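> For reference, the sequence and a predicted model appear below.
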Amino acid sequence: MKSFKRYILSESNPIKLKEGGNAVNQVVRINQENVEATLKKIYKTLFPKLKLSVKDSGLLGSTGKKNPGGSSGDIDIAISIKALVKNNKDVYTIGEVFDHIASVSKRSNIDFKDMRSLGVISLGFPIENVDGKQPGAYVQLDFMPTEDVKFAKWSYHSPAEWESELKGVYRNYVLFAIAKHVDFKVIQQAQDKSGKMVDVTWERHFVDMSKGLMKGTQTRMSKAGNIVKTLKTLTKNEITKDPDEVIKFLFGPKWKAKDILTFDQAINAMFSPQFIHKKNIPVMSKMLVDSLIKSGYPIPKTLAKKMGL
């Protein structure tokens, strides 16, 4: 899966975080036919050692959502920090959460790589060879400890191949574009080198795929009072991590989180008569197109048709 480690963690960091192949050695893509049985083995063998139940976790991204004959690059599972702390008497901090997962991996003779700075620990887990095509093979299993499994499952959702041809990252770009232009407020202007007055500090909303809907301030003013290219975020405070509340704020009361899982669903809602931020559609659409082009993604037909491109 092209998972959230590689894709959007935040609007300001939408590109791949993990560029160079797999985190653990000698792992392969897992065939669609082997995913379900391998997940069951993970839940049966590793979860009891971690002192987790299946309800304390969430499968992320597109793993297991491929058409027959397809495959996924890895298996990404969000696991509850709260449950890990509650169920393990020696685990109190996020550092100890990662230590605990590493310890279980060692005791289970599983190859792993601790990348806690990226919020993930990767294991090489044996594939259940249901289709007979992957004997003795291992898949990369990525555990992502999170404070809110429900939000992680929604924010890092990727549709099945039969639901949409576009990855979940496309939908997230729509969320980013809408959030920025809801109640956008300029706080400060200054003259640029040409003498033109430009916006340099503003208040705006963000959708952070790890932290939820947020509000904060950004500036292009340096401490010396010069306009700089690098954008700096001064404040960023959480409003909500409830997926339904996020969608209600961005689109309106007509929609729930379950209604905005694909790019087409998000675009159709944005161009719907019930969309509550209609006056901002032009700037939202422009940001969306610019962001996709900048990141190297083709403009989807749905968006091109809506915008008359």
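Sure thing, it's come through.

> What is the subsequent helix or strand relative to the longest strand seen in the chain?
The longest strand of the chain (DSSP state E) is strand 227-240. Per DSSP states H and E, the first helix or strand lying C-terminal to strand 227-240 is helix 243-251.

> and the angle from that following helix to strand 227-240?
Here helix 243-251 runs at an angle of 130 degrees relative to strand 227-240 (axes from the mean of the first three to the mean of the last three CA atoms, to 10 degrees).

> so what does helix 243-251 touch, helix or strand wise?
helix 149-155, helix 168-180, strand 197-208, strand 212-221, strand 227-240 (3 or more CB pairs under 8 Å, 6 or more residues apart in numbering; DSSP states H and E). C-beta: built from backbone N, CA, C; applies to glycine.

> Using a markdown table, lay out the ones you listed together with distance to residue 99 and mean neighbour count.
Output for the helices and strands packed on helix 243-251, formatted as a markdown table (distance: least, CB to CB, whole Å; neighbours: other CB atoms under 10 Å):
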| stretch | distance to residue 99 | mean neighbour count |
| --- | --- | --- |
| helix 149-155 | 20 | 22 |
| helix 168-180 | 31 | 24 |
| strand 197-208 | 26 | 17 |
| strand 212-221 | 27 | 18 |
| strand 227-240 | 27 | 12 |
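
> could these be laid out in a markdown table, adding distance to residue 308?
Listed next are those as a markdown table, based on distance: least, CB to CB, whole Å:
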| stretch | distance to residue 308 |
| --- | --- |
| helix 149-155 | 31 |
| helix 168-180 | 18 |
| strand 197-208 | 26 |
| strand 212-221 | 30 |
| strand 227-240 | 30 |
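
> related to what we said a few turns ago, show the average pLDDT along the longest strand of the chain.
For strand 227-240, mean pLDDT is 94.

> Paired strands for it, with orientation please.
Applying DSSP bridges, strand 227-240 is found paired with strand 212-221 (antiparallel).

> List of residues touching the strand it pairs with?
The contact list for strand 212-221, computed with CB atoms under 8 Å, 6 or more residues apart in numbering, reads 148, 151, 179, 187-188, 190, 200-208, 227-242, 245-246, 249-250.
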